[in-house]
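Colleague: give the three-dimensional model of this entry:
(one chain, ligands or ions: 1)
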Amino acid sequence: MYDWIIIGGGIHGCTVAAYLVKSGMCEPGRLLILDPHNEPLRNWKQQTKQIGMKYLRSPSVHHIAPDPFSLQQYAKKTNSEDFYGPYKRPSLDLFNDHCDQILAETGISSRFQTATVAGLDKTTNGWNIRTESNNTFAAAHTVIATGMGDHLAYPAWSEPFLHQENNMYHALDEHAPDASGLSPAVMIVGGGITAAHLSLKMSRLYPGQTTLVNRHPFRVHKFDSDPGWLGPKHLTKFSAIQDYKKRREQIQQERNRGSVTHELLGKVRKAVREEKLHHIQDNVVSAEDANNQFCLHMNSQQEVNGKTLLLATGYQRLRPKPPWLETLLNDERLTCASCGNPILTPSLEWDNRLFVTGPLAELEIGPVSRNIAGARKAAERIVKQAQKHPVLQ
Ligand SMILES: Cc1cc2nc3c(=O)[nH]c(=O)nc-3n(C[C@H](O)[C@H](O)[C@H](O)COP(=O)(O)OP(=O)(O)OC[C@H]3O[C@@H](n4cnc5c(N)ncnc54)[C@H](O)[C@@H]3O)c2cc1C
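Modeller: Sure thing, here's the model as predicted:
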C-alpha cells in the first residue's frame, strides 16, 4: 500500500507531491502519481509551448516547491535569471527547468506511472484505485488533481464543426497540430491572454495572414484575479460565506476571465501597426466551412475568411464530470453544491483521506484555485492535515 497516491501529474499533482516530500510527510518511495501521459507536467508544457508563451503571468514566488524563493535561488545558482517586470515573472524556460529540478531532487520524477484512473473504491484503511488497464493500487490517502482535462470551452457557433475533419482547433487541445504546419490565412477567436500569445506567435509565422477576432475591448489586468485572494484579505470573508451559491457567484465575479496584461497588449498593438496582425473587434454569430475555407459571419454583417480557425476560448466554467468521478460521488454519497463542485472540509478532504485540488477545490480556495497559487494553497492545507494525522508505519 502507498501512503499517498496522486491522480494527475500536472502542476497541481506535482505541487502536492513536492510539498508532501519536502515537508517530510511522505517518503518518495511511499508515493505514486498516476497520469495518462508519460511524463509529469505534460499538459502545462505542451499548452504553454503551443501558444508561444515566453513569460508566466504569475510572479516568481508561484511555482511547485514549498519555499517561495526556491525559483529565484535556482535561477541565481544556475545563472539563468530570466524574469520580467517588477513581480519578477519567470520565463517559461526557467519555470520549467526549476520544476524539473524539484521533481528530480525530491525523487518524484521516478514516482510517475502512466495510467488512467477509472474508479476509486473505499477500503477500511484508505482507497483502492482502479485504472483503465485493470490494475489496482492501494493508498492510505488519495489526492484527485485531474485539472480541467478536455473540458475546453467552444462557442456555440463552432459546435457544428466539432468531431469533423477540418482545420478548426482549440488552442489548448493536446491534439492540435504544430503551428508551423498550419494553412494560412489563420483566424484566432478569443480575447484573453491565450489569444494574445497565440496571435503574436501566428503573426510571426504568418505575417499579414493572421487575424485576431475578439468580441469585447481588451480587458487589461496584471493577474488572473486580485492578489488579495492569495491571503486573508479576501479569503477570510470568502470562507465565512455559508451559502455555496454565493461562493460560486464570487468566484465567477472575481476571476479576470479573458483579460490580458498591459505589456502583452502593447505587443499585439505593435504587430497590428506593423500589419503583421489584423484585428477585428466584433462578435461571431455563425460560421461556414466550404472547400477548406472557413467564413466567419460577424454581428456587423462583415465576413472574415481563412483556412485555419484557432479557438482561444479557454476552459468551461464548471468542473469536468468524468464518469468515474460521478460514480464515486454517487457510491460514497459525497456532497456537492448546486454548481456541482465538491463541498469540502477546509483541509480539502471530500471524504475520509480523499483530498482534491485545482478546479475541484474552488469552493474552498476561491478564484485562484486553478492557478499555480491555488496549487500551493491546496498543497499547504493537505500537508497541514497530513501532519495532524501522519501515516503510522
Ligand atoms: C496557456 C496557459 C498559461 C497559463 N499561465 C499561468 C500562469 O502564468 N500562472 C498561473 O498561476 N497559472 C497559469 N495557468 C493556469 C494553471 O496554472 C494551469 O492550467 C495548470 O497547469 C493546471 O494544472 P492542473 O494540474 O490542474 O491540470 P493539468 O496540467 O491538466 O494536469 C492534470 C493531469 O491529470 C491527468 N488526468 C486527467 N484525468 C485523469 C485520470 N482519470 N487518471 C489519471 N490522470 C488523469 C491529465 O492527463 C493531466 O496530466 C495557465 C494555463 C494555461 C493553459
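Colleague: use CA for all of it now, contacts and neighbours both
Modeller: Will do.
Colleague: show me the contact partners of stretch 190-197.
Modeller: Applying Cα atoms under 8 Å, 6 or more residues apart in numbering, the contact partners of stretch 190-197 are 51-53, 171, 188-189, 212-216, 218-219, 257-261, 264-265, 268, 311-314.
Colleague: hmm, try it at 6 Å
Modeller: 51, 53, 214, 258-260, 312-313 (Cα atoms under 6 Å, 6 or more residues apart in numbering).
Colleague: do stretch 80-96 as well
Modeller: Around stretch 80-96, the neighbours that count as contacts under Cα under 6 Å, 6+ apart are 54-56, 58-60, 75.
Colleague: go on, stretch 337-348?
Modeller: 335-336, 350, 355-356, 381-382.
Colleague: per-residue confidence averaged over it?
Modeller: For stretch 337-348, the mean pLDDT works out to 97.
Colleague: got it, and stretch 141-158?
Modeller: 95.
Colleague: stretch 200-217 too?
Modeller: Averaging pLDDT residue by residue across stretch 200-217 gives 97.
Colleague: give me the mean pLDDT for stretch 252-265.
Modeller: Stretch 252-265 comes out at a mean pLDDT of 93.
Colleague: show me where the stretch 1-150 of the chain has its helices.
Modeller: 11-22, 42-50, 70-77, 92-105 (DSSP state H, counting those that start in this stretch).
Colleague: just the ones you listed: most buried one?
Modeller: helix 11-22 (a mean of 26; mean count of other Cα atoms under 10 Å).
Colleague: and it, C-alpha only, in CSV?
Modeller: These are the backbone C-alpha positions of helix 11-22, laid out as CSV (Å, rounded to 0.1, in the frame of the first residue of the first chain):
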residue,chain,number,x,y,z
ILE,A,11,1.1,21.5,-11.9
HIS,A,12,-1.4,20.7,-9.1
GLY,A,13,-0.5,17.0,-8.6
CYS,A,14,3.3,17.8,-8.7
THR,A,15,2.9,20.6,-6.2
VAL,A,16,1.1,18.4,-3.7
ALA,A,17,3.8,15.7,-4.2
ALA,A,18,6.6,18.2,-3.8
TYR,A,19,5.1,19.6,-0.6
LEU,A,20,4.5,16.1,0.9
VAL,A,21,8.0,15.0,0.2
LYS,A,22,9.8,18.3,1.1
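Colleague: re the thing from before, please, a ChimeraX command that selects the buried ones among the contacts of stretch 80-96?
Modeller: Applying 16 or more other Cα atoms under 10 Å to the contacts of stretch 80-96, the buried members can be selected in ChimeraX as follows:
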select :55,56,58,59,60,75
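Colleague: save the contacts of stretch 80-96 as CSV, and put in pLDDT and distance to His297 too.
Modeller: What follows is the contacts of stretch 80-96, written out as CSV (pLDDT from 0 to 100; distance: Cα to Cα, whole Å):
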residue, pLDDT, distance to His297
Lys54, 97, 33
Tyr55, 97, 34
Leu56, 97, 34
Ser58, 97, 36
Pro59, 97, 39
Ser60, 97, 42
Ala75, 98, 48
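Colleague: and the ligand, which of the contacts of stretch 80-96 reach it?
Modeller: For the ligand, the contacts drawn from those by Cα under 6 Å from any ligand atom are 56, 58.
Colleague: any chance of the contacts of stretch 80-96 in JSON lines with distance to Ile193 as columns?
Modeller: Output for the contacts of stretch 80-96, formatted as JSON lines (distance: Cα to Cα, whole Å):
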{"residue": "Lys54", "distance to Ile193": "12"}
{"residue": "Tyr55", "distance to Ile193": "12"}
{"residue": "Leu56", "distance to Ile193": "11"}
{"residue": "Ser58", "distance to Ile193": "12"}
{"residue": "Pro59", "distance to Ile193": "16"}
{"residue": "Ser60", "distance to Ile193": "18"}
{"residue": "Ala75", "distance to Ile193": "25"}
